[in-house]
Structures are given as C-alpha cells and as structure tokens.
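Novice: Based on what follows, work out the 3D shape:
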Amino acid sequence: MIKGIFPALLTPFSHDDSIDYKKMEEHIEFLISKKVHGLFLLGTTGEGMLMTIDERKKVTKFVLDIVNDRIPTIVHIGEQRLNDTITLAKHAENNKAYGISSITPYFFPATDEMIYKHYSTILDSISSDFPFYIYNNPKNARNEVTYDTLISLISNYSNIKGIKNSPNDFQQVIYLVDNLSENIDVMIGPEEFFYAGLCSGTSGNISGIANVYPELYVKTFEYISNKDFIKAKRCQGLINKATSILLNDISYLKNGLEFRGLHSSRVRKPFLDISEIKKENLFENLRELEWEINNLDEGILG
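Specialist: Next up, the predicted model:
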C-alpha cells in the first residue's frame, strides 16, 4: 500500500523544447529532501501526453535511476493509442517502477464495457503482481470509471492496488473510502480535498502544488497522523492559498520552483509561458504566502 504525498512531477523543458534532465534531477532531490512519500510521473502535470513515446521512456528510466528505490515511483502510462499504453506499461515494469497508472480512454466517448476492456487489456500485458492504479479524471479525459466498473476490475485483477481519483464531488471520494476494501488505496487529486480526505480515510494526495511546496503536504500528513487536527486544518488553508496563487497552472508551477531557489523551465505547447509581469505578481504573492507559512510553524520551509 502507498500513503502520503506523491507530487505529480513536473517535466522541465528547455528553450529548444528538449527535456532538461539536469533540472529534473535537481527537482527530484529537492522533493526527496523534503520527505515526500513518493512520486507520480508523466501525468497531466508532467505533460506526459504532450511527449513522444521515446521521450516518456527516457524520462521514466532517468527518474527511476535517480530515485534508486529511495521512495516509490508510480509511472503514468496512459496514451491515446492502447498499443502505446501497453508499450509504456511493459517498459515501466522492466525498469522496476514501483507501479503504474493509466487514465481512461480519452477524447472519444467510451462505454463502461469499453473502459473495462481498455484496462483489462493493459493488465493482461503486465505481470500479475505488478501494482496498477486506476486514474479517474473525468474532467480532463471526458470518460469516467464508474464504481461498478472499478469493482469488476478489482475482482478480476489482484494487482489493482488503488485509484488516483480526481472528482469534482467530494461525496464520490467518501463513497469509495466507505465501500472499497481497506487494501485498495484511494489517492485524490484535488488539492482542496487533502485534509478532508485524510480525515475520511484516503491514503493521500497526488498533487501538482506539492512540486513547489511539498512541506505543506508533508506537515499536514504528519499533523493528522499525530491527531493535531488544528494545525493540519491551518496547513490546508495555506494549501488552498497556494493553489489560488499557483492556479494549478503548469507554467506558474515551474516559475514557482524558481522562487523556491531551483531553476525555472518552459512548458510545452499548447501551454504558454507566463509573462514577466505575471511572474513578478506571482513572486510577490508567494512572498506573502511564505510569511504566513512561517508564522504557522517557524522553520517549516527549511
């Protein structure tokens, strides 16, 4: 089982659109030093669907080599073409990832039967003991994994270990926690659900904002583990503020890393890099945020 905070790792691009592996290593070491519990690669925040299959393979191998089993690393392998998804699934397993995750079929509408067949085909292509995590993100993917489809998959594949769920409705999170086996991890995506999710029994969060402020998430998790709910709730308030500043926008997140003392990087089109004026405003807002963070717990940002 996995628990805690898994940043959805950003992929740094250079001016020539190539992947900057030096910046990626710097970021990974930053996150590990802040005691995150794992990493989630090449999903929405990681711009995985804007990369070639070869690029995704190279990033997967690079990250796994750098992490070197210090923390669990889950590789998102979802692609538009099922054959490409299977190729990436096998590659992640061969390179000894902790596990893999895949989004539903996307863009084209899919029935429950199609979604079941999509996942079962992926699962049949990997070892029966290689951990797999369903990725449900209906807002972006257009299609949703229904509870009945999820149960059918779990019943037939023992290596389904959990679900990364990014719903619009927190009641769906509660329903999963209440009705799934305790052996199935429910990891959530929305930043604003982190505290409430942990209090309700979720395993943790796969977060974009945690790329920039992993300390807030690690502290929230620790506070709740120690039953210090007052401080945990205050941390959630700061997470909400960080989310409103960084907008869960990939360019804002990458510039947020520069503010934290790391190197900024570019986004891949169709995303746009933020302007200098927006960057100045971003930094001013982050300075105010950090003042509030240090008032909560002096030294939290190290």
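Novice: Which residue is the nearest non-sequential neighbour of Gly99?
Specialist: Nearest residue to Gly99, sequence neighbours excluded (C-beta to C-beta, 6 or more residues apart in numbering): Pro131, at 3.2 Å. (Glycine included, C-beta is placed from N, CA and C.)
Novice: Any idea how many residues pack against the one you found?
Specialist: 21 (other C-beta atoms under 10 Å).
Novice: Please apply the same query to Gly189.
Specialist: Neighbour number of Gly189 under other C-beta under 10 Å is 26.
Novice: when you give positions from now on, start the count at 34
Specialist: Happy to do that; since the first residue is 34 now, the last one works out to Gly222.
Novice: right, and it touches Asn238 too?
Specialist: Yes: between Gly222 and Asn238 there is a contact at 7.3 Å, judged by C-beta atoms under 8 Å.
Novice: Next one: Cys268 from Met147, what distance?
Specialist: 41 Å (C-beta to C-beta, to the nearest Å).
Novice: Compare the two and say which one has the larger neighbour count.
Specialist: Cys268 (27 against 15).
Novice: Next SSE downstream of the helix or strand that contains that one?
Specialist: Using DSSP states H and E, Cys268 sits in helix 262-279. If you walk from helix 262-279 toward the C-terminus, the next helix or strand you reach (DSSP H and E) is helix 283-292.
Novice: C-terminal to that following helix, what's the next element?
Specialist: Next along the chain from helix 283-292, counting by DSSP H and E, comes helix 309-329.
Novice: buried stuff in that next one?
Specialist: Judged by neighbour count using 16 or more other C-beta atoms under 10 Å, the buried positions of helix 309-329 are 312, 315, 318-319, 322-323, 326.
Novice: Count the neighbours of the nearest residue to Ser47 once chain neighbours are set aside for me.
Specialist: Spatial nearest neighbour of Ser47, excluding adjacent residues (C-beta to C-beta, 6+ apart): Asp53 at 4.9 Å. Residues within reach of Asp53, counting by other C-beta under 10 Å, total 18.
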